[in-house]
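1. Need a 3D model of the following:
(2 chains)
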2 protein chains.
Amino acid sequence: MTELAVGELNPPARTLLGPGPSNVHPRVYRAMMAPVVGHLDPFFVATMDEVVDLLRLVFQTANRVTLPISGTGSAGMEASLVNILEPGDKVVVGVNGFFGERLADAAGRCGAEVFPVTAAWGQPIAPEQVEAVLRQHPETKAVVVVHAETSTGVLQPMEDIARLTKERGALLVVDAVTSLGGIPVATDAWGADVVYSCTQKCLAVPPGLSPMTVSEAALQALRERRGKVPSWYLDLSMLERYWGNKQTARTYHHTAPITMIYALREGLRVAVEEGLEARYRRHARNGRALQAGVQAMGLELHAQEGHRLPVLTTVRIPEGADDLKVRRALLNDDNIEIGGGLGPLAGRIWRLGLMGYASSEENVLLLLAALERVLAGLGVRVYRGQGVAAALEVLNAG
Amino acid sequence: MTELAVGELNPPARTLLGPGPSNVHPRVYRAMMAPVVGHLDPFFVATMDEVVDLLRLVFQTANRVTLPISGTGSAGMEASLVNILEPGDKVVVGVNGFFGERLADAAGRCGAEVFPVTAAWGQPIAPEQVEAVLRQHPETKAVVVVHAETSTGVLQPMEDIARLTKERGALLVVDAVTSLGGIPVATDAWGADVVYSCTQKCLAVPPGLSPMTVSEAALQALRERRGKVPSWYLDLSMLERYWGNKQTARTYHHTAPITMIYALREGLRVAVEEGLEARYRRHARNGRALQAGVQAMGLELHAQEGHRLPVLTTVRIPEGADDLKVRRALLNDDNIEIGGGLGPLAGRIWRLGLMGYASSEENVLLLLAALERVLAGLGVRVYRGQGVAAALEVLNAG
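-> As a prediction, the model looks like this:
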């Protein structure tokens, strides 16, 4: 048997200002050192209840079935579809970015007939278009929308689409991967039926879980299925018996990822201690400051004005700047990660994240200063000093 | 918004001697404190290659596609089926325990026609029976067998079943959830096509990933599918482009659970440093010692002699002992977790695990002494002192 020389793990300490993962809160790292117990241990079962209670707060919901799926955000996406869609079901999917496209793909794999409602990558979905498709296909089972498109930086207004969906009696599925914990996710106020997210963005927890909440109407659709959920692992009819009951009545399904649950619990505790409203204000203010700074530097924002995510800013790559060279310089010289574009936006935009613990005044200024230096160093014309000054103005205004 | 009073995380320090999770190696805890980097960071991409190389060692395989699925062992189970089975495919599943039953359920959800080959819970699957079903259904696409049945403590001899499966041109899928890292898993020598495991048993890593290896024949079956893999999250045709290529050519699929990958890397490093042969010997010796001790105490083993797992010992609950009371006393008085029975074995057996870091001489003696004290304390007749003495004899013989 060959021996392998794999050395000690020694990752660089990056400042993670891309589309996620974001920097993990120091308290979350500590929580992961807590001793693993059995998944049926009374201590862990009580921990599960605490996590459910905390998740209900950040999802702004009273939904009984509110739990972390044991996989990353993409597993949550899949769980949100496979449980309610059956072959032949009609589903409307808002497609205005990479993650909308992925949802349409995943819905198609459920055998559903997918009606995409599209918008340009950088603009929100128009509620009128959703309405038009729903009128054409009144028996539509679900409408699926991305709340915060990680590929474009667009914040989707939910109220109108939610109302139209409810009026037609369809289920509303919301991708809140990039919003949960950084932007209000008003599950019950919207009347959303399935909302899923991830841990590694605005919750400042490592990737590995997908928080999800499910309405009684969605559970009813699950119960009325003609066939079994095609995925054993993501079958909510079993997961709800594992997570959705109080301690005494839990039915074993799979071994929960204990350490990641500890991490999520701590990330949620930190969020609730900060206060969710204060947390949203922090993300909003830092996002505004970064966007003011980027524009003052002479760069253009990509997402449509009025629909810009505070937690993820998309910037058009200026004339003469080499995408890879800039990102590599930030990474190698400053230990800063930013994101490139996905799909048709590859090479055309950068994605600047200010999420969770990483959404700080220091990081706004650090990023603007580093970006300015790198761009100027590569001969790209930027207004020197203007970015940081404009950001400071926003930050000082509070 | 209500504030919730959720206190500091403070789990008890259990000695985990049940069916898993097992105790996490101290070095693995430390690895999880390493700073999270982006999933596209050059550092992480290099880390992925290291994990793949280490996994190939423990799986004893040269398979190019060898990777951790981003979910627990159950996600690996599902991935191993959904990628190769299509509606109407015939599949033979060995069912001699809880996890065989689960596999049959999951295979049915793929739309496959499932032919179970059964054995009593506590006995291995008979190769002749597999052969008989294969002769009846020569177009069988896959044979699925559990290598180490966590519900019964049975070790399944693989050679004959593997040979028969290969002779018929079917794919061999092996559940190595409880064996990998503690008992030899000879992927290539067997000719197994898909083997999956978990992290929280003999690898001494928290639960959350499912190491998996996939042969070229299985990938060929994947390529020849009539339709898309029903699961987007577990689609190996995309996962292989993310994990199966060398650094430069990786295609983004989902955000890998970075911290868990760090943990797995460290757990694998520890295993390879110990030496796999030495590690198997340690598990074998401690298992023999525990089994000798349990019998010397006057208790009966459940799994058929000659087919007993060293890493998981099943013990018949003696006349007059109250299952729950015994387990609760061990947990509350000694901080020791053991497992109860599943399904038809609930209330009839205990499951005693000696896995990974927890497979130590100290734990053998600790468990025997505690079990003896608890049973005697509850008025169950046991031979005092005999268990520890018999175990020591095995341990001292080396």
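2. So in chain A, where's the weakest helix or strand by average pLDDT?
-> Sorted by mean pLDDT, DSSP states H and E, the helices and strands of chain A end with helix A:236-243, the least confident at a mean of 92.
3. Please name every helix or strand in contact with the helix or strand that that one is followed by.
-> Helices and strands here follow DSSP states H and E; after helix A:236-243, the next one along the chain is helix A:258-274. Secondary-structure packing of helix A:258-274 (3 or more Cβ pairs under 8 Å, 6 or more residues apart in numbering or on different chains; DSSP states H and E): helix A:26-31, helix A:42-59, strand A:65-69, helix B:258-274. For the C-beta atoms, the positions are set from N, CA and C on the backbone; glycine is no exception.
4. could those be laid out in a markdown table, adding mean pLDDT?
-> A markdown table is the format used below for the helices and strands packed on helix A:258-274 (pLDDT from 0 to 100):
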| stretch | mean pLDDT |
| --- | --- |
| helix A:26-31 | 98 |
| helix A:42-59 | 96 |
| strand A:65-69 | 97 |
| helix B:258-274 | 98 |
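5. Pick the most deeply packed of those.
-> strand A:65-69 (a mean of 26; mean count of other Cβ atoms under 10 Å in any protein chain shown).
6. Sketch out the strands for chain A, chain order is fine.
-> A:15-16, A:65-69, A:90-95, A:113-118, A:142-146, A:148-149, A:154-155, A:171-175, A:194-196, A:210-214, A:312-316, A:336-337, A:339-340, A:349-353 (DSSP state E).
7. JSON lines for the ones you listed, including distance to residue B:352?
-> As requested, these are exported to JSON lines (distance: least, Cβ to Cβ, whole Å):
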{"stretch": "strand A:15-16", "distance to residue B:352": "43"}
{"stretch": "strand A:65-69", "distance to residue B:352": "30"}
{"stretch": "strand A:90-95", "distance to residue B:352": "49"}
{"stretch": "strand A:113-118", "distance to residue B:352": "50"}
{"stretch": "strand A:142-146", "distance to residue B:352": "47"}
{"stretch": "strand A:148-149", "distance to residue B:352": "48"}
{"stretch": "strand A:154-155", "distance to residue B:352": "54"}
{"stretch": "strand A:171-175", "distance to residue B:352": "44"}
{"stretch": "strand A:194-196", "distance to residue B:352": "38"}
{"stretch": "strand A:210-214", "distance to residue B:352": "34"}
{"stretch": "strand A:312-316", "distance to residue B:352": "50"}
{"stretch": "strand A:336-337", "distance to residue B:352": "46"}
{"stretch": "strand A:339-340", "distance to residue B:352": "49"}
{"stretch": "strand A:349-353", "distance to residue B:352": "47"}
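8. got those as JSON lines, with distance to chain B columns?
-> Shown next, in JSON lines, are those (distance: least, Cβ to the nearest Cβ, whole Å):
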{"stretch": "strand A:15-16", "distance to chain B": "6"}
{"stretch": "strand A:65-69", "distance to chain B": "9"}
{"stretch": "strand A:90-95", "distance to chain B": "13"}
{"stretch": "strand A:113-118", "distance to chain B": "13"}
{"stretch": "strand A:142-146", "distance to chain B": "13"}
{"stretch": "strand A:148-149", "distance to chain B": "15"}
{"stretch": "strand A:154-155", "distance to chain B": "20"}
{"stretch": "strand A:171-175", "distance to chain B": "13"}
{"stretch": "strand A:194-196", "distance to chain B": "12"}
{"stretch": "strand A:210-214", "distance to chain B": "10"}
{"stretch": "strand A:312-316", "distance to chain B": "14"}
{"stretch": "strand A:336-337", "distance to chain B": "5"}
{"stretch": "strand A:339-340", "distance to chain B": "8"}
{"stretch": "strand A:349-353", "distance to chain B": "10"}
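9. Which of those strands sits closest to residue B:73?
-> Among the strands of chain A, the nearest to residue B:73 by Cβ to Cβ is strand A:65-69 (15.4 Å).
10. Which residues does that closest one contact?
-> A:51-52, A:55-56, A:59, A:75-76, A:79, A:196, A:199, A:209-214, A:219, A:234, A:236, A:239-240, A:243-244, A:260-261, A:264 (Cβ atoms under 8 Å, 6 or more residues apart in numbering or on different chains).
11. what's the spatially closest residue to residue A:265 that is not a sequence neighbour in contact with, if anything?
-> With Cβ to Cβ, 6 or more residues apart in numbering or on different chains as the criterion, residue A:265 has its nearest non-adjacent residue at 5.1 Å, and that residue is residue A:51. Counting by Cβ under 8 Å, 6+ apart, residue A:51 touches A:67, A:68, A:261, A:264, A:265, A:268.
12. Tell me which of the helices and strands packed on helix A:258-274 sits nearest to residue B:298.
-> In terms of Cβ to Cβ, the element of the helices and strands packed on helix A:258-274 nearest to residue B:298 is helix A:42-59, at 29.7 Å.
13. Next, the angle from that closest one to helix A:236-243.
-> Relative orientation of helix A:42-59 versus helix A:236-243 (axes from the mean of the first three to the mean of the last three Cα atoms, to 10 degrees): 120 degrees.
14. and helix A:42-59 with helix A:258-274, angle?
-> Using the same axes, to 10 degrees: helix A:42-59 against helix A:258-274 is 50 degrees.
15. Could you list the low-pLDDT ranges of the stretch 101-250 of chain A?
-> Applying pLDDT under 70 to the stretch 101-250 of chain A flags the ranges A:245-249.
16. So which residues of it form helices?
-> Using DSSP state H, counting those that start in this stretch, the helices of the stretch 101-250 of chain A run over A:127-136, A:159-167, A:187-190, A:216-223, A:236-243.
17. Out of these, which gets nearest to chain B?
-> helix A:236-243 (10.2 Å; Cβ to the nearest Cβ).
18. is the closest one anywhere near chain B?
-> No: using Cβ under 8 Å from any Cβ of the partner chain, we find that helix A:236-243 stays clear of chain B, coming within 10.2 Å at best.
19. what does that helix rub up against?
-> A:48, A:52, A:64-65, A:67, A:69, A:79, A:83, A:214, A:219, A:222-223, A:229, A:232, A:249-254, A:256.
20. Need the buried ones from these selected in ChimeraX.
-> In ChimeraX, this line selects whichever of the contacts of helix A:236-243 come out buried by 16 or more other Cβ atoms under 10 Å in any protein chain shown:
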select /A:48,52,64,65,67,69,79,83,214,219,222,229,232,250,253,254,256
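21. how far out from the middle of the chain is stretch A:69-88?
-> Distance of stretch A:69-88 from its chain centroid, counting by Cα atoms, centre = their mean, to the nearest Å, is 15 Å.
22. For it, list the C-alpha coordinates in CSV.
-> Extracted in CSV, the C-alpha atoms of stretch A:69-88 (Å, rounded to 0.1, in the frame of the first residue of the first chain):
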residue,chain,number,x,y,z
ILE,A,69,-31.4,19.8,4.9
SER,A,70,-28.2,17.7,5.3
GLY,A,71,-26.5,19.1,2.2
THR,A,72,-25.5,22.4,0.7
GLY,A,73,-27.9,25.0,-0.7
SER,A,74,-28.2,23.0,-3.9
ALA,A,75,-29.5,20.1,-1.9
GLY,A,76,-32.1,22.5,-0.5
MET,A,77,-33.0,23.6,-4.1
GLU,A,78,-33.5,20.0,-5.0
ALA,A,79,-35.5,19.1,-1.9
SER,A,80,-37.8,22.1,-2.5
LEU,A,81,-38.7,20.7,-5.9
VAL,A,82,-38.7,16.9,-5.7
ASN,A,83,-41.1,16.9,-2.8
ILE,A,84,-43.9,18.8,-4.4
LEU,A,85,-43.4,18.3,-8.2
GLU,A,86,-44.5,15.1,-9.9
PRO,A,87,-44.2,14.1,-13.6
GLY,A,88,-46.6,16.2,-15.7
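23. List the buried residues of it.
-> In terms of neighbour count (16+ other Cβ under 10 Å), stretch A:69-88 has its buried residues at A:69-86.
24. mind listing what residue A:354 touches?
-> A:17, A:283, A:286, A:287, A:290, A:310, A:311, A:312, A:313, A:360, A:363, A:364.
25. Relative to chain B, which of those residues is nearest.
-> In terms of Cβ to the nearest Cβ, no member of the contacts of residue A:354 lies closer to chain B than residue A:17, at 9.9 Å.
26. Appreciated, that's everything.
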